[in-house]
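>>> what's the 3D shape of this:
(one chain, ligands or ions: 1)
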Amino acid sequence: MQIIQELTLLKKIIKDVKKDGLSIGFVPTMGFLHEGHLSLMRTAKAENDFMVMSIFVNPLQFGVGEDYEDYPRDLERDEKLARSVGCDLMFLPSAKEMYPAGYATFVKVEKLTERLCGASRPGHFIGVTTVVAKLFNLVSPDRAYFGQKDAQQAFVLRKMVQDLNMDLNLIILPTTRESDGLAMSSRNKYLTFEQRKNSVVIIESLKMAEELADQGVRNVEEIKKAIYEKISKAKDARIDYLEIVDTEKLLPLTEIKGQCLIAAAVKFGKTRLIDNIILEV
Ligand code: AMP
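Numbering: from 1, shown residues only. All right, here's what the predicted structure looks like:
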């Protein structure tokens, strides 16, 4: 596995890989790897000749007062894990090289970014789409892999790829979960023992919503109320948002119909966790 920091060196290697006619699978991450990241990397490895992963804690997607400085980092461990899934190239750009003095270009996807995480984290998605567009330009992947865990992010990036005619296939893979159902996340590390125990309420309430829909409940307000009640009972939990939206435009529904996304962000103390499920009725 090659470990590369410099952008020019990366471009040279990618050029050689392309010249050899190899397909490139790409998994961008912010590091502190867990099984969720590794599942994307395993698929990228299986479906492509050359697998690239990146670790970049992107300052542009963090708001004021968010956890940019504190975001968990452990490069030594990440390196071992990346090797264990057969990663061919680990790309670790610096913020200085990604955003040199005078940097002035940003990518903005409208509409899809207005609700959910876009509403509670202003500017977040401009940071995400800008950095991912830059990474796509640098890595030139044939396929790029993202997790449904960050469903809105994946949908926004899919729109960017479509609107900007980017020549790659964006693949969304299922959420990997802990044995009790909590969605794996680098931020789970922040949780105290008690918060970790209580955090399972997020997926439990989403599953309860799914059961209600299975039983024929179609009224969105009724389902949201049930979720609110369940989450509010968990100690220390504070709902940041809870939305039931369609999967095309991410607009709120009044009735459950077709394919819909139930997405929640819940804070335990300072730690903000997100999760979602997709329902089809
Ligand atoms: P992050 O390092 O959190 O920015 O995540 C990098 C990529 O891994 C994104 O495409 C995430 O959606 C994906 N990812 C994070 N957690 C999970 C998970 N539990 N299951 C599947 N994919 C995940």
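>>> helix/strand/coil for the most centrally placed residue in the chain?
Nearest to the mean C-alpha position of the chain, by CA atoms, centre = their mean, lies D150 at 3.6 Å. Look at D150: counting by DSSP: H, G, I helix; E, B strand; the rest coil, its state is helix.
>>> return the distance of the residue in the stretch 51-200 of the chain positioned nearest to the ligand relative to M41.
Per CB to the nearest ligand atom, the residue of the stretch 51-200 of the chain with the smallest distance to the ligand is G147, at 2.1 Å. (Glycine included, C-beta is placed from N, CA and C.) From G147 across to M41, the span is 11 Å (CB to CB, to the nearest Å).
>>> which one of those two is surrounded by more residues?
Legend: neighbour count by other CB atoms under 10 Å for G147 and M41, higher for M41 (25 against 22).
>>> elements contacting the longest helix along the chain?
Longest helix in the chain, counting residues (DSSP state H): helix 124-139. Contact here means 3 or more CB pairs under 8 Å, 6 or more residues apart in numbering; DSSP states H and E; on that basis helix 124-139 packs against helix 7-19, strand 24-29, strand 50-55, strand 89-91, helix 116-120, helix 151-163.
>>> 6 Å - rerun?
Judged by 3 or more CB pairs under 6 Å, 6 or more residues apart in numbering; DSSP states H and E, helix 124-139 is in contact with helix 151-163.
>>> next one: the helix it packs on to chain centre, how far?
From the chain centre to the centre of helix 151-163 is a distance of 11 Å (CA atoms, centre = their mean, to the nearest Å).
>>> which residues sit against that helix?
Residues from elsewhere that reach helix 151-163, judged by CB atoms under 6 Å, 6 or more residues apart in numbering: 109, 112-113, 116-117, 125, 128-129, 132, 146, 170, 172, 261, 276.
>>> give me that answer again for 7 Å
When contacts are defined by CB atoms under 7 Å, 6 or more residues apart in numbering, helix 151-163 is touched by residues 107, 109, 112-113, 116-118, 125, 128-129, 132-133, 146, 148, 168, 170, 172, 250, 261, 263, 276.
>>> any idea which element D180 lies in?
Following DSSP states H and E, one finds D180 outside all helices and strands.
>>> convert the C-alpha atoms of stretch 19-36 to CSV, please.
Listed next in CSV are the C-alpha coordinates belonging to stretch 19-36 (Å, rounded to 0.1, in the frame of the first residue of the first chain):
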residue,chain,number,x,y,z
LYS,A,19,-2.3,4.1,-18.5
ASP,A,20,-2.2,0.5,-17.4
GLY,A,21,-5.9,0.3,-18.0
LEU,A,22,-6.8,-0.4,-14.4
SER,A,23,-10.2,0.6,-12.9
ILE,A,24,-10.1,2.8,-9.8
GLY,A,25,-12.4,2.4,-6.8
PHE,A,26,-12.4,5.3,-4.3
VAL,A,27,-13.6,5.6,-0.7
PRO,A,28,-13.2,9.1,0.8
THR,A,29,-13.3,9.3,4.6
MET,A,30,-12.4,11.5,7.5
GLY,A,31,-10.5,8.6,9.2
PHE,A,32,-10.7,6.9,12.6
LEU,A,33,-11.9,4.0,10.6
HIS,A,34,-14.5,1.5,11.7
GLU,A,35,-16.3,-1.4,10.1
GLY,A,36,-18.6,0.9,8.2
